[in-house]
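**Q** structure here, sequence nowhere to be found:
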């Protein structure tokens, strides 16, 4: 199940959003869907970066100070 929450107003920032996705087919599709929605609704062109399950060992420091979204990835 996917959940997408868009703010009722554009969340503008000087920082480019990076979409992190699990490196498999549904992860890439999830990133593509989010990127398309952000481009069409808010005029953003986010970057994409794959992430694997080994990242769970360091969630505290994950992309510290960056503007990012994570799709198709369990946090448990």
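**A** Sure, I can see it. Everything numeric here is computed off the predicted structure, so don't read it as measured data. Residues are numbered from 1 along each chain as shown.
**Q** host element of residue 19?
**A** strand 18-22 (DSSP states H and E).
**Q** by mean pLDDT, flag the weakest helix or strand of the protein.
**A** Ranked by mean pLDDT, DSSP states H and E, the weakest helix or strand in the chain is strand 68-71, scoring a mean of 89.
**Q** tell me if I am right that residue 40 is in a strand.
**A** No - counting by DSSP: H, G, I helix; E, B strand; the rest coil, residue 40 falls outside a strand, being helix.
**Q** just how off-centre is stretch 15-34 within its chain?
**A** With C-alpha atoms, centre = their mean, to the nearest Å as the basis, stretch 15-34 stands 6 Å off its chain's centre.
**Q** and that stretch, average pLDDT?
**A** Across stretch 15-34, pLDDT averages out at 92.
**Q** contacts for that stretch next, please.
**A** 2, 4, 35, 38, 44-53, 63, 66-73 (C-beta atoms under 8 Å, 6 or more residues apart in numbering). To be clear about C-beta, it is placed using only N, CA and C from the backbone, and glycine gets the same treatment.
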